[in-house]
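Participant: Give me a model of this one.
(one chain, ligands or ions: 1)
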Amino acid sequence: MLCQVCRKKVRTDKNIFNLFSPETHHICEYCCQKYPLLLRIDVLPIEEGILLVHLLSSRHYSLNPIAFMSFLKPYYIDFLKHHQGKVLLVFDILDDNTLALLDSLKFGDIYFVSLYENIEGKGEKL
Ligand SMILES: [Zn+2]
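Facilitator: Okay, the predicted model is just below:
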């Protein structure tokens with residue numbers, strides 16, 4: 001599989017236990033060090049619930065969102081184990097329009113995972 005940032009082949013260490021397992025990483029080791037994950041959790045009040053926002057990186061990266069797909073699995077596991085009553089939404093970008101839409105839908109509690117946010121005046125439009 002090719003790295004979604006530099007387009008070089010992603011190489012992982014092979015041993016007897018993962019010899020036949022498929023390559024699932026979308027970012028190579030060099031690009032992962034160059035663009036590290038900047039994990040952040042925000043809890044925002046919305047109509048009839050809370051919005052739990054998990055952000056994976058900074059908006060200054062401007063990377064292909066597919067590069068960070070390998071890092072979504074822990075969020076799925078956390079959602080299934082601890083937040084099953086909420087609504088799970090996974091977006092590439094969290095922007096003002098999405099935030100206003102989520103506020104007006106009245107879904108209740110929302111577990112939101114996004115690569116990065118593109119919000120200027122955060123929380124002022126709610
Ligand atoms: Zn790369």
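
Participant: Now do the helices in the chain.
Facilitator: Using DSSP state H, the helices of the chain run over residues 29-34, 73-82, 96-105.

Participant: Could you dump those into TSV and include mean neighbour count?
Facilitator: From N, CA and C alone the C-beta is placed, and that goes for glycine too. Converted to TSV, the helices of the chain look like this (neighbours: other CB atoms under 10 Å):
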stretch	mean neighbour count
helix 29-34	14
helix 73-82	12
helix 96-105	15
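
Participant: Indicate whether stretch 48-67 makes contact with the ion.
Facilitator: No. Between stretch 48-67 and the ion, judged by CB under 5 Å from the ion, nothing touches; the nearest distance is 8.0 Å.

Participant: Okay, now that stretch: how far is its last residue from its first?
Facilitator: Start and end residues of stretch 48-67 are separated by 34 Å (CA to CA, to the nearest Å).

Participant: Could you tell me the average pLDDT over that stretch, please?
Facilitator: Across stretch 48-67, the average pLDDT comes to 84.

Participant: That stretch: which residues count as buried?
Facilitator: 49, 51-58, 61, 63, 65, 67 (16 or more other CB atoms under 10 Å).

Participant: Tell me the residues of the protein that contact the ion?
Facilitator: By CB under 5 Å from the ion, the part of the chain that sits against the ion consists of Cys3, Val5, Cys6, Cys28, Cys31.

Participant: Ranking by neighbours, what's the top pick from these?
Facilitator: The most crowded member of the residues of the chain next to the ion, judged by other CB atoms under 10 Å, is Cys28 (22 neighbours).
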